[in-house]
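1. here is a sequence together with a model predicted from it:
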Amino acid sequence: MTLLSPETLPAVALGSLGVATASLLTAFTAYRAGGPRTGFRCHLVRYGTGEYALRLVASKRGRAPVTVDVRQLDVSWQYDDRPWRDTHRTLWPVFPADFPFRLEGNTRVEWSCPATELMTEAVGRTPNTWRLHIRTGHRERRVRVSRTITLVDRAAAAPLR
């Protein structure tokens, strides 16, 4: 005695295909929810004392941790209307954290490094786009430094996390 007749085999095969597809979609959704999705924002901060700082904000969504490593900062200034005369420099910012840094899931951290010397050199010049090179896992990213300078009172500034 057979449990399945030849007439019901296509219906069973079609049902098992539907169950396998639903299982695959569920596994893919769980993988995407747990994967490392990191976001970076970099901007300049001016304190009331006249000092400047370069602030990097890293936010991590998802459950899996990721390794973050800050590389170099590429800066350039326009000399005049001839781009080949522009000034280009590569700087190595010193943030108060040990890099590479392990960024856990669903967290947000902020780091600041002094940038007063850089900004006194940039006064009176038109800056081109500045980019901070960051490595997350095996991926190299270039984060644009915002041209907006935020004025912050040092006493009201949030402590570094």
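-> Arrived safely. Numbering: from 1, shown residues only.
2. longest helix of this protein?
-> helix 9-34 (DSSP state H).
3. state the next helix or strand along the chain beyond that helix.
-> strand 37-47 (DSSP states H and E).
4. so which elements touch the helix or strand Leu151 falls within?
-> In this assignment (DSSP H and E), Leu151 forms part of strand 139-152. Counting by 3 or more C-beta pairs under 8 Å, 6 or more residues apart in numbering; DSSP states H and E, the packing neighbours recorded for strand 139-152 are strand 37-47, strand 52-61, strand 66-78, strand 131-136. No exception for glycine: its C-beta is placed from N, CA and C like everyone else's.
5. what's the angle between the longest helix of the chain and strand 52-61?
-> 160 degrees (axes from the mean of the first three to the mean of the last three C-alpha atoms, to 10 degrees).
6. on that earlier part again, right, and the helices and strands packed on strand 139-152 - which one's nearest Val12?
-> strand 37-47 (39.6 Å; C-beta to C-beta).
7. what strands flank the closest one, and is each parallel or antiparallel?
-> Strand pairing for strand 37-47, determined by DSSP bridges: strand 52-61 (antiparallel), strand 139-152 (parallel).
8. name the helix or strand of this structure that has the lowest mean pLDDT.
-> strand 126-127 (a mean of 70; mean pLDDT, DSSP states H and E).
9. in the longest helix of the chain, what counts as buried?
-> By 16 or more other C-beta atoms under 10 Å, helix 9-34 has no buried positions at all.
10. pLDDT (mean, whole number) over that helix?
-> Helix 9-34 carries an average pLDDT of 87.
11. number the residues from 16 up from this point.
-> That works, and once the first residue is 16, the last one we named lands at helix 24-49.
12. packing partners for that helix?
-> So helix 24-49, by 3+ C-beta pairs under 8 Å, 6+ apart, packs with no helix or strand.
13. okay if I get the strands paired with strand 52-62 as JSON lines plus distance to Leu133?
-> As requested, these are exported to JSON lines (distance: least, C-beta to C-beta, whole Å):
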{"stretch": "strand 67-76", "distance to Leu133": "7"}
{"stretch": "strand 154-167", "distance to Leu133": "10"}
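14. low-scoring stretches of the chain, by residue?
-> Along the chain, segments meeting pLDDT under 70 span 16-17, 49-51, 94-101, 139-141, 169-176.
15. quick one: Pro25 from Val34, how far?
-> Separation of Pro25 from Val34 (C-beta to C-beta, to the nearest Å): 15 Å.
16. all set, thanks.
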